[in-house]
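Asks: the sequence and its predicted three-dimensional model are supplied below.
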Amino acid sequence: MVDAQLRARGIEDRRVLTAMEKVPRHLFVDEVLAEQAYNDNPLPIDRQQTISQPYIVALMSEAMELTGKEKVLEIGSGSGYQTAILAELAERVFSIERIAALATRARKNLDSLCYYNVAIRVGDGTYGWREESPFAAIMVTAGSPQIPKLLIEQLEIGGRLVIPVGDRSSQALLKLTRLSENPNDLKQEGLGGCRFVDLIGEHGWDNS
Ligand code: SAH
């Protein structure tokens with residue numbers, strides 16, 4: 001997976017490649033799908049949600065530009081796989097999941113692998129996690145209709161927000177860097193097209 005899907009497509013961050021070699025992805029999917037866990041595609045998890053394709057996990061993780069000392073936020077814990085990768089790359093990870101059953105399973109998976117530098121909370125991640133802000137980087141692993149301003153406000157100056165933005169069927173994967181106190185002062189880079197499940201919440205899509 002790491003050679004054929006990640007290195008071959010230009011993922012260069014050594015820490016990201018090492019983390020993806022280390023974290024056992026098959027433990028984050030149902031047993032019946034374990035054999036497919038390292039394939040080049042997303043897979044269903046519970047509640048009509050998905051664990052992202054390995055390449056997308058690597059691309060988003062690389063865009064976070066982590067060195068190991070950071071406090072980061074993830075919106076959409078899902079299976080907890082991306083959370084585990086972030087736990088390898090940052091000092092502390094805060095992750096929000098709106099579906100309680102998924103949050104519980106993600107917590108169990110992370111505990112079984114001894115990722116104790118992760119806090120998971122059930123709720124609407126479009127509000128961010130204000131008490132723990134500012135963050136060096138924020139990753140949203142569900143598709144958003146817009147760039148959530150509250151999340152930009154919870155970034156450090158120089159901090160990165162990695163988020164898929166677009167309509168419900170396809171999005172552009174964006175990397176936004178906060179340049180100053182003014183939350184509208186952003187550098188925007190496109191990382192390519194993608195298709196994520198909906199970000200559902202006050203500053204995302206309606207749940208209908
Ligand atoms: N990173 C996950 C991907 C999960 S899919 C993984 O590696 O498995 C996206 C997740 O975002 C789903 O679990 C969905 O329930 C969650 N989600 C959607 N809207 C949300 C919101 N407003 N706040 C928190 N989680 C949300």
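Replies: It's in.
Asks: could you use CA atoms for every contact and neighbour count after this?
Replies: Fine.
Asks: give me the neighbour count for the residue lying closest to S180 once chain neighbours are set aside.
Replies: Leaving aside its sequence neighbours, S180 sits nearest to I157 (CA to CA, 6 or more residues apart in numbering; 5.5 Å). For I157, the number of neighbouring residues by other CA atoms under 10 Å comes to 20.
Asks: ok, I157 to the ligand distance?
Replies: Going from I157 to the ligand by CA to the nearest ligand atom, to the nearest Å gives 23 Å.
Asks: let me know the secondary structure of that residue.
Replies: strand (DSSP: H, G, I helix; E, B strand; the rest coil).
Asks: in the sheet, who's paired with S144?
Replies: V165 (DSSP bridges).
Asks: and the pLDDT for it?
Replies: Here the pLDDT value assigned to S144 is 98.
Asks: who are the neighbours in contact with it?
Replies: I163, P164, V165, G166, D167, D198, L199, G204, W205 (CA atoms under 8 Å, 6 or more residues apart in numbering).
Asks: what secondary structure does K187 sit in?
Replies: strand.
Asks: how about residues contacting stretch 11-27?
Replies: 2, 6-7, 33-38, 58-59, 61-62, 81, 84-85, 88-89, 109.
Asks: those residues in helices, which ones?
Replies: Those of the contacts of stretch 11-27 mapping onto helices are A58, L59, S61, E62, Y81, A84, I85, E88, L89, N109, per DSSP state H.
Asks: restrict these to contacts with the ligand.
Replies: Contacts with the ligand within the ones in helices among the contacts of stretch 11-27, as defined by CA under 6 Å from any ligand atom: Y81.
Asks: wait, which of the ones in helices among the contacts of stretch 11-27 is closest to the ligand?
Replies: Taking CA to the nearest ligand atom as the measure, the ligand lies nearest Y81 of these, at 4.3 Å.
Asks: isn't that closest one right next to P42, touching?
Replies: No: at 11.8 Å, Y81 does not count as touching P42 under the criterion of CA atoms under 8 Å.
Asks: common neighbours of those two, please.
Replies: Common neighbours of Y81 and P42 (criterion: CA under 8 Å, 6+ apart): I51.
Asks: higher neighbour count, those two?
Replies: Taking other CA under 10 Å, Y81 and P42 do not tie; Y81 has more neighbours (25 against 18).
Asks: what pLDDT does the more buried one get?
Replies: Looking at Y81, the pLDDT reads 98.
Asks: and stretch 25-37, average pLDDT?
Replies: 97.
Asks: and the chain, which residues reach the ligand?
Replies: 49-52, 75-82, 96-99, 123-126, 141-142, 197-201.
Asks: try 5 Å this time
Replies: 49-51, 76-79, 81-82, 96-98, 124-126, 142, 199-201 (CA under 5 Å from any ligand atom).
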